[in-house]
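**Q** Okay, structure incoming, though there's no sequence with it:
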């Protein structure tokens with residue numbers, strides 16, 4: 001629907017530690033980080049991982065898969 005209107009979620013929303021990454025459980029967050037996960041990620045606090053995710057993914061234009069159809 002948004003794409004029919006020429007609107008893009010990506011132009012108006014960026015995933016951050018506060019609004020997205022910090023709400024994920026630790027396991028999925030580590031999986032999402034993949035190669036960007038810090039050493040010892042399984043022992044890190046979720047807030048620290050969310051901050052890394054914001055820096056590595058959110059600031060790089062990454063969008064949750066469910067929003068991809070709306071991001072273009």
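**A** Looks like it arrived, so ask away. Keep in mind it's a predicted model, so treat the numbers as computed, not measured.

**Q** In the chain, where's the longest helix?
**A** As assigned by DSSP state H, the longest helix anywhere in the chain is helix 46-56.

**Q** Show me what counts as buried in that one.
**A** Neighbour-count burial for helix 46-56, counted by 16 or more other C-beta atoms under 10 Å, picks out 46, 49-54, 56. Placement of C-beta: from N, CA and C, glycine included.

**Q** Residue 43: neighbour count?
**A** Residue 43: 7 surrounding residues under other C-beta atoms under 10 Å.

**Q** For the protein, which helix or strand comes out least confident on mean pLDDT?
**A** helix 68-71 (a mean of 72; mean pLDDT, DSSP states H and E).

**Q** hang on, the earlier thing: from the buried residues of helix 46-56, pick the one nearest residue 8.
**A** Residue 8 lies nearest to residue 54 out of the buried residues of helix 46-56, by C-beta to C-beta, at 19.9 Å.

**Q** quick one: the strands in the protein?
**A** Counting by DSSP state E, the chain has no strands at all.

**Q** any low-confidence regions in it?
**A** Applying pLDDT under 70 to the chain flags residues 1-7, 70-72.
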